[in-house]
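A.B. asks: A structural model of the following input is requested.
(one chain, ligands or ions: 1)
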Amino acid sequence: MTSTIDTPKKVIILYDSMAVGGSADRLIDAIGRNLAQAGAYVEKARCKPNADYSFVEEFDLVILGAPIYYLLVASKLSGSLSQSNLRTVLKGKKVALFVICGSPEPMAQFLYLPQLKMHLDNPVILAEKVFAPAETSDQNAITEFTKNILDAYGKAR
Ligand SMILES: Cc1cc2nc3c(=O)[nH]c(=O)nc-3n(C[C@H](O)[C@H](O)[C@H](O)COP(=O)(O)O)c2cc1C
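C.D. replies: Next up is the predicted model:
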């Protein structure tokens, strides 16, 4: 008997960063490559707080992530979650979260990831990860994150 592993067909990575070609861009491109290799169609979009996020409905999996600047999640991602229809669109959706920051992981778990979660309304959170800046070039760390996402996607209802 053959078993079929459920993988997302369409994935979107929603993010913000002050830097072009910085660690967030590097990480997102690497996550996207890994998911594409697993068979997904992947798009990325830099957030705008006043955007209409209805287009996100068509994606099977949404990855949300951004660096931390001055103790806060980059403002266009957090602003999109608090000011646009993104929160509503993500209700019941399968999502994965990450932040990139220089702070130690326990501090980031306590201070930074909750800044994303507080704006979410009952999504299915498949995985969450704090990346240190150096880990945004660490293929092992990125592969582990994408594997965790795909494993949880296969199990989620
Ligand atoms: C202006 C600035 C402020 C930052 N503030 C924080 C902070 O408050 N806490 C933290 O953990 N990391 C902080 N960082 C570290 C960044 O989150 C980290 O360098 C990240 O990789 C930057 O991503 P980027 O290259 O996409 O901009 C800061 C970095 C910059 C440039």
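A.B. asks: sketch out the low-pLDDT regions of this structure for me.
C.D. replies: Applying pLDDT under 70 to the chain flags residues 1-5.
A.B. asks: taking it, what residue is nearest to the ligand?
C.D. replies: The minimum distance from the chain to the ligand, using C-beta to the nearest ligand atom, falls at Gly22 (2.5 Å). Just so you know, the C-beta spots here come from the backbone N, C-alpha and C atoms, and that holds for glycine as well.
A.B. asks: nearest residue to that residue other than its sequence neighbours?
C.D. replies: Pro67 (7.6 Å; C-beta to C-beta, 6 or more residues apart in numbering).
A.B. asks: got the residue ranges for the strands in this structure?
C.D. replies: 10-15, 41-46, 61-69, 72-73, 94-100, 124-131 (DSSP state E).
A.B. asks: same list, those, but as CSV with distance to the ligand and mean neighbour count please.
C.D. replies: Output for the strands of the chain, formatted as CSV (distance: least, C-beta to the nearest ligand atom, whole Å; neighbours: other C-beta atoms under 10 Å):
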stretch, distance to the ligand, mean neighbour count
strand 10-15, 9, 22
strand 41-46, 11, 16
strand 61-69, 3, 24
strand 72-73, 7, 20
strand 94-100, 4, 24
strand 124-131, 8, 20
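A.B. asks: nearest to Ala141, out of those?
C.D. replies: With C-beta to C-beta as the criterion, Ala141 lies closest to strand 124-131 of the strands of the chain, at 6.8 Å.
A.B. asks: hmm, Lys129 and Leu27 touching each other?
C.D. replies: No - counting by C-beta atoms under 8 Å, Leu27 sits too far from Lys129 to count as a contact (9.9 Å).
A.B. asks: noted, bye for now.
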